[in-house]
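Colleague: Provided below are the primary sequence and the corresponding predicted coordinates.
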Amino acid sequence: YIYIYITYNGRLTFWRVIKKKSTEEFSCVPYIVALMNCLLYTWYGLPIVSKGWENFPVVTINGLGILLELSFISIYFCFSSSQAKKKVILKMVGVVAVFLCVGMISTFVLKTHHLRKFFVGCIGLVASIAMYASPLVAMKQVIKTKSVEFMPFYLSFFSFSASSLWLAYGLLSHDLFLASPNLVGSPLGLLQLVLYCIYRNKEHEQEVLKKEKRGGVMMETQPNWDLEKNNNNENHIPHQNNS
């Protein structure tokens with residue numbers, strides 16, 4: 001459920017994109033990499049690769065993830081610039097090509113479940129690590145701009161939580177292909193939370209300083225305005241003639 005919430009949490013980002021009709025500084029890379037990850041692990045959990053439905057939760061969760069990621073990428077594509085659209089198309093072609101190659105090889109070349117599971121699991125492992133590493137782009141931006149505007153807290157929090165739970169699930173089911181990528185994902189999720197706490201406080205301090213500066217400027221300019229007003233009033237007072 002937490003993993004579903006992470007994927008669904010993207011609606012907040014894309015509601016902002018729709019409202020402003022601009023992708024601003026948001027990157028589509030995390031969503032395209034997440035789509036690749038969902039495709040591979042949905043395939044990994046199907047009976048053609050795994051034995052029976054032993055990984056049914058993996059299929060259902062990642063299957064829903066495919067639908068949501070496709071919707072997010074479609075929204076991003078609609079509101080991005082023409083240059084960004086070309087990059088999205090190239091990345092999507094790459095994702096489809098890799099997935100088709102994995103599907104063809106695991107179906108027609110590899111004959112046993114063990115070999116198929118090992119092959120798809122290795123590719124999925126790389127995709128998962130890439131998915132968990134993709135927020136590094138956002139973290140770099142946070143450090144550069146000293147702002148957490150483009151790295152939402154709840155997304156970071158639930159990413160860390162989901163990664164930790166998938167790690168536990170993989171260890172309990174003795175599936176290293178599910179546990180291994182989350183050995184990377186959990187620390188990265190924790191790092192995002194640490195960065196959020198550091199730069200959220202700095203952002204708050206900067207806002208307070210700006211308000212104080214604005215208040216100081218108003219205090220300095222107000223007396224001058226009053227003096228000018230008084231001088232203007234004096235100039236308009238008619239002089240009385242001595243009789």
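Modeller: On my side now, so go ahead. Numbering: from 1, shown residues only.
Colleague: now the helices: where do they sit in this protein?
Modeller: 2-8, 10-20, 29-45, 56-79, 82-104, 113-133, 135-145, 153-172, 176-235 (DSSP state H).
Colleague: need these in a markdown table with mean pLDDT and mean neighbour count, can you?
Modeller: Bear in mind the C-beta positions are built from the backbone N, C-alpha and C, glycine included. Shown next, in a markdown table, are the helices of the chain (pLDDT from 0 to 100; neighbours: other CB atoms under 10 Å):
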| stretch | mean pLDDT | mean neighbour count |
| --- | --- | --- |
| helix 2-8 | 53 | 18 |
| helix 10-20 | 76 | 15 |
| helix 29-45 | 91 | 24 |
| helix 56-79 | 90 | 17 |
| helix 82-104 | 95 | 14 |
| helix 113-133 | 89 | 19 |
| helix 135-145 | 81 | 16 |
| helix 153-172 | 83 | 18 |
| helix 176-235 | 69 | 14 |
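Colleague: hang on, isn't Ile129 packed against Phe177?
Modeller: No. If you go by CB atoms under 8 Å, Ile129 and Phe177 don't touch, sitting 11.6 Å apart.
Colleague: distance of the nearest residue to Gly65 once chain neighbours are set aside relative to Asp175?
Modeller: By the measure of CB to CB, 6 or more residues apart in numbering, the closest residue to Gly65 outside its immediate chain neighbours is Cys38, 3.8 Å from it. Distance from Cys38 to Asp175, counting by CB to CB, to the nearest Å: 17 Å.
Colleague: swap in Lys51?
Modeller: 12 Å.
Colleague: out of these two, which sits in the busier spot?
Modeller: Neighbours per residue (other CB atoms under 10 Å) separate Lys51 from Asp175, with Asp175 holding more: 18 against 10.
Colleague: residue contacts, the more buried one?
Modeller: Residues counted as contacts of Asp175 (CB atoms under 8 Å, 6 or more residues apart in numbering) are Asn55.
Colleague: now do 10 Å
Modeller: Contacts for Asp175 were tallied using CB atoms under 10 Å, 6 or more residues apart in numbering; they are Tyr44, Ser50, Glu54, Asn55, Val58, Lys117, Gly121, Tyr169.
Colleague: next: Ser74.
Modeller: Contacts of Ser74 by CB under 10 Å, 6+ apart are Phe14, Val88.
Colleague: do Thr23 as well
Modeller: Each residue near Thr23 by CB under 10 Å, 6+ apart is listed here: Thr13, Phe14, Arg16, Val17, Ile75, Tyr76, Phe77, Cys78, Phe79, Ser80, Ser81, Ala84.
Colleague: grab the nearest non-local neighbour of Tyr169.
Modeller: Leu178 is the one closest to Tyr169 (CB to CB, 6+ apart), at 6.3 Å.
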